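In: Output the structure for:
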Amino acid sequence: MRAVIQRVSAATVTVDNQTTGQIDKGLLVLLGVGQGDTLADLDYIYQKTVGLRVFEDADGKMNLSLADVGGQLLVVSQFTLYGDVRKGKRPGFGAAAPPEQANELYEKFVQQAKDNDIQVETGVFQADMQVSLVNDGPVTILLDSNKTF
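Out: Okay, here's the model as predicted:
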């Protein structure tokens with residue numbers, strides 16, 4: 001499982017000109033599910049995401065987590081995180097999980113956040129989405145449950 005995490009002061013996702021998710025201070029999570037990903041991969045990415053100390057403390061140091069600042073999550077499914085362009089310029093997506101598996105793990109990620117009293121908003125799985133954000137910092141973190149980066 002892969003995630004691109006961006007610290008934001010605001011983020012919105014729309015589908016067909018309708019807002020489906022909107023947050024203020026928090027994290028935008030672009031979440032990709034790969035072939036063979038399991039609940040262990042999901043738990044790794046989830047725990048890393050909510051535990052990231054990327055928010056500034058009183059001394060201006062990145063030392064606080066999402067929970068510490070009462071931040072929100074905007075979670076957007078993004079299979080293109082598994083795009084492979086090592087053989088040419090057109091990405092191949094063979095490493096991405098099939099939609100049924102990807103949606104199941106995506107929904108479990110969202111539910112886990114809700115179960116932990118984190119305000120979470122979402123995009124629409126498999127929809128053509130437009131994501132707008134104000135990247136705060138900018139701060140962008142890449143996560144991979146296989147720890148390839």
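In: Spell out the residue ranges of the helices in the chain.
Out: 39-51, 66-69, 99-115 (DSSP state H).
In: These: which one's closest to residue 78?
Out: Closest approach to residue 78 among the helices of the chain is made by helix 99-115 (9.6 Å; Cβ to Cβ). Just so you know, the C-beta spots here come from the backbone N, C-alpha and C atoms, and that holds for glycine as well.
In: what about that closest one, distance to the chain center?
Out: From the chain centre to the centre of helix 99-115 is a distance of 11 Å (Cα atoms, centre = their mean, to the nearest Å).
In: Ok, which of the helices of the chain comes nearest residue 25?
Out: helix 66-69 (6.6 Å).
In: For the residue nearest in space to the middle of the chain, give me its contacts.
Out: For the chain, the residue sitting closest to the mean C-alpha position, by Cα atoms, centre = their mean, is residue 29 at 1.9 Å. Counting by Cβ atoms under 8 Å, 6 or more residues apart in numbering, residue 29 touches 3-5, 49, 73-76.
In: ok, now residue 37?
Out: By Cβ under 8 Å, 6+ apart, the residues touching residue 37 are 1, 97, 101, 105, 145.
In: try 10 Å this time
Out: By Cβ atoms under 10 Å, 6 or more residues apart in numbering, the contact set of residue 37 is 1-2, 44-45, 96-97, 101-102, 104-105, 145-146.
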